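Student: Fold the following.
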Amino acid sequence: MPANDPGQPLRLPKKHAATLDRAPDPALGERLWHAQSLRDALLAAVVTIILFCILWSLLSSVRDRVLPWLTVVLGLIVGHAVRRAGRGLDWRFPLLAAAATLAGSLAGNVVVAAGFTAGELGTDTFTVLGNVTSLTWPAFFDRVITAADVIYALTGAALAAFYANRRLTRHQYTAVRIWRDRQ
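Tutor: Presented below is the predicted three-dimensional model:
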């Protein structure tokens, strides 16, 4: 029976047929490969983390409670920022997004803790952050960072890695593979 028989009402359309409608162009694969930018992805991740830390600190101050699950949201946002800015196709971009999310979750926890400490001391957050010494870090990791923070940070890093690579159509993916095989 033919695949496109209208007599079969439950026949699903084929989205992954065995052949492509046109031959993939290796030049398209080369253009896609050279469009990657690790520098742009890193810059986007850093800007995203800075803005997110400020937003997280403000939101925590307004609600008067720490929201540790926001590191998962940070992972989503960093992953999408790395995807859009870096246009990456290989393993470097998910690794960059995951590492940036872990660093951003630590930085966000530091900023939020400094904001709450500043409220208790009657000063501003920048003063508290400016007076951090090597003796501050052990107390910070003992009192502020919990197992839940680590789990949220790892979950956010996994989400960032998942969303970091560029999504290609089947035709683009085949063009990149053909171009890389010719190299």
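Student: Identify all contacting residues around stretch 37-51.
Tutor: 74, 77-78, 81-82, 84-88, 92-93, 96-97, 100, 103-104, 107-108, 164 (Cβ atoms under 8 Å, 6 or more residues apart in numbering). C-betas here are computed from N, CA, C, even on glycine.
Student: Which of these are buried? Put it as a PyMOL command.
Tutor: To isolate the buried members of the contacts of stretch 37-51 in PyMOL, using 16 or more other Cβ atoms under 10 Å:
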select buried, resi 74+77+78+81+82+85+86+87+88+92+93+96+97+100+103+104+107+108+164
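Student: Just the ones in helices from the contacts of stretch 37-51, please.
Tutor: Among the contacts of stretch 37-51, DSSP state H puts 74, 77-78, 81-82, 84-86, 92-93, 96-97, 100, 103-104, 107-108, 164 in helices.
Student: Report the central residue of this protein.
Tutor: The centre of the chain sits closest to Gly79, judged by Cα atoms, centre = their mean, with a distance of 2.0 Å.
Student: how near is that one to Thr136?
Tutor: Gly79 sits 31 Å away from Thr136, taking Cβ to Cβ, to the nearest Å as the criterion.
Student: next one: Trp69
Tutor: In terms of Cβ to Cβ, Trp69 sits 25 Å off from Thr136.
Student: Same question for Leu42.
Tutor: Leu42 is 28 Å from Thr136, by Cβ to Cβ.
Student: the more surrounded of these two?
Tutor: Between Leu42 and Thr136, counting by other Cβ atoms under 10 Å, Leu42 is the more crowded of the two (18 against 15).
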